[in-house]
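Engineer: Pasted the sequence and its predicted model underneath.
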Amino acid sequence: MTTTAVLERSPGRTFNWRPLPVLVTGTVMIVLDFFIVNVALPSMRAALHAGASVEEWVVAGYGLSFAALLVLGGRLGDRFGRRRVLTAGLAGFGVTSALCGLAPSAEVLIAGRLMQGAAAALVSPNILSLLGVVYTGADRVRAISVYGMAMGIAAAGGQLVGGALIQADLAHSGWRSIFLVNVPVAALAAVCAGRLVPESRSDRPGRLDWLGALLVTAGLAALVLGLVQGAALGWPWWTAAGLAAAPVLLGAFGWHQRRLERSGEAPLIAPSLLAVPGLRRGLLTQLGFWCGQAALFLVLALYLQDGRGLDPLQAGLVFSILAGAYLATSLRAPALTQRLGPDLIGLGALLLAAGEGGLAAAVAAGGPGVALGWLVPGLVAAGAGMGLCITPLTSVVLARSDPVRAGAVSGLLSSMQQIGNSVGVAVTGMVYFGAARHGAGPAFEYSTLQLGCLLTAVAAGTRLRPRPGPAATGSPS
């Protein structure tokens, strides 16, 4: 084993619980912050006199910098110590959350969200790496299951937490409280990480690939900028130029990664990782799934508040139906993963697609003012589908990794999630805001139909996989 780690186990104990609360807290905080903003968007827009594209940037900008720097964050942990980089990321997340919470303008808020995503990129991959190194065998499956459930609950419950904070209006802070609450939590987590989380690093971390980080960041930025601003501004030439530049920059990134690996250096993403069929398929499934999830939360929040006139807490309570269904199925997901393997992901994606189709059908049949009760079946199906996907996706992909490449694989896994979040919000945002001139009801109907088609394609992709061996069922290889 070439990854060094100091494991603090008490005699006779088979599972080291001490680091897990810190790792789960970091996970919940950075995932929650992607989704908690959804119910606050109308309030932000009004307070900062911002347009629709700012709403998309507040969501997608966080995911953009998060995605672009995730793999680099994992490599920094491999080189300098995962606990050390995790602690720095938690501290940075607290500082940038304060910047977002005190932002005097939309431009400062977007800048703060970009920096907040960069701090999250130091946290997320090192949490996954530590889970893969500190825990082995059945303990790893147990720890990753807790991680997956926490991540999903944070995603599904973020809107309710955000609505409650805004409704409470602590110290008359309004929407700003959703960011300011992170400051003490991040500080406490950073202190506890130094005391409870064992240090680990790779014995062969390699040189840091700064050029690769620049190319992938520029490529993703050009893509998201073109999609978001193009639709908002009527497709000026520079947005088309950005969309044209994105594949060129990402292609150059891929070429640079292959060149580094052939020369024996350490690329950000080793192309040889993608040669493993199970890992490659798992990453593509992760990308497609998260393209749909983040976008659904965005358009549902906008429909409930702009279209139905619900306040943030009321909208959050509607989201709690989805969160409850997620929790119910996610508790069963680890056992089902052992029995069904990747097939469970396909079933979950189909159920999520059915839920999105049900939401679209309810609004189409009942009109924009349809009774909220008619949305319940779609919300339950969507939440249940998410619960059947998130934990198995994490387990299946990480089962293909080994401790030597823990940072690279975990960073790549999380990158697919955040790229999916950003691109999904940008694409579905175009559908929603493009149809919004006809009303919030039709906009929600068209966007959920688009998302249902996407998740159906994800489900079809999982059915094309060969029958997995034991490693793909959630047991570490």
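Structural biologist: Happy to help now that I have it. Numbers count the residues shown, from 1 in each chain.

Engineer: SS state for the closest residue to residue 358 other than its chain neighbours?
Structural biologist: Spatial nearest neighbour of residue 358, chain neighbours left out: residue 378 (3.3 Å); criterion: CB to CB, 6 or more residues apart in numbering. Every C-beta, even on glycine, is put in place using the N, C-alpha and C of the backbone. Here residue 378 is recorded as helix under DSSP: H, G, I helix; E, B strand; the rest coil.

Engineer: wait, doesn't residue 378 sit right on residue 365?
Structural biologist: No: with contacts counted by CB atoms under 8 Å, residue 378 stays clear of residue 365, the gap being 11.7 Å.

Engineer: Tell me who's in contact with the residue nearest to residue 358.
Structural biologist: Residue 378 is in contact with 355-362, counting by CB atoms under 8 Å, 6 or more residues apart in numbering.

Engineer: Recalculate using a threshold of 6 Å.
Structural biologist: Contact analysis of residue 378 by CB atoms under 6 Å, 6 or more residues apart in numbering lists 355, 358-359.

Engineer: just the buried members of these?
Structural biologist: Among those, the ones that count as buried by 16 or more other CB atoms under 10 Å are 355, 358-359.

Engineer: just those residues now: which is nearest residue 91?
Structural biologist: Proximity to residue 91 was ranked across the buried ones among the contacts of residue 378 by CB to CB; first place goes to residue 355, at 38.6 Å.

Engineer: which residues touch the closest one?
Structural biologist: Counting by CB under 6 Å, 6+ apart, residue 355 makes contact with 378, 381-382, 385.

Engineer: could you redo the last one with a cut-off of 8 Å?
Structural biologist: For residue 355, the contact set (CB under 8 Å, 6+ apart) comprises 377-385.

Engineer: do the same with residue 459
Structural biologist: Applying CB under 8 Å, 6+ apart to residue 459 gives the contacts 346-347, 349-350, 353.

Engineer: Show me which of those residues are buried.
Structural biologist: The neighbour count (16+ other CB under 10 Å) marks 346-347, 349-350, 353 as buried among the contacts of residue 459.

Engineer: Sort out which one of those residues lies nearest residue 116 for me.
Structural biologist: Taking CB to CB as the measure, residue 116 lies nearest residue 349 of the buried ones among the contacts of residue 459, at 29.3 Å.

Engineer: ok so, going back, of the contacts of residue 459, closest to residue 220?
Structural biologist: The nearest member of the contacts of residue 459 to residue 220, counting by CB to CB, is residue 349 at 24.1 Å.

Engineer: Once you drop chain neighbours, what's closest to that closest one?
Structural biologist: Nearest in space to residue 349, with sequence neighbours left out and distances taken as CB to CB, 6+ apart, is residue 459 at 3.8 Å.

Engineer: where does the one you found fall, helix, sheet strand or coil?
Structural biologist: Applying three-state DSSP to residue 459 yields a three-state assignment of helix.

Engineer: can you map out the strands along the stretch 51-200 of the chain?
Structural biologist: Using DSSP state E, counting those that start in this stretch, the strands of the stretch 51-200 of the chain run over 200-202.

Engineer: Give me the distance between residue 128 and residue 30.
Structural biologist: Remark: distance between residue 128 and residue 30 (CB to CB, to the nearest Å) = 12 Å.

Engineer: er, residue 71 actually
Structural biologist: 16 Å.

Engineer: and if you look at residue 352?
Structural biologist: Distance from residue 352 to residue 30, counting by CB to CB: 23 Å.

Engineer: What of residue 313?
Structural biologist: 23 Å.

Engineer: Tell me the buried residues in stretch 265-274?
Structural biologist: 266-270, 273.

Engineer: so what's residue 69 closest to, chain neighbours aside?
Structural biologist: Spatial nearest neighbour of residue 69, excluding adjacent residues (CB to CB, 6+ apart): residue 121 at 3.8 Å.

Engineer: re earlier: who has more neighbours out of residue 313 and residue 30?
Structural biologist: Neighbours per residue, other CB atoms under 10 Å: of residue 313 and residue 30, the larger number sits with residue 30, 29 against 17.

Engineer: what sits against the closest residue to that one other than its chain neighbours?
Structural biologist: Once flanking residues are discounted, residue 30 sits nearest to residue 120: 4.2 Å by CB to CB, 6+ apart. Residue 120 makes contact with 30, 33, 62, 66, 89, 93 under the criterion CB under 8 Å, 6+ apart.
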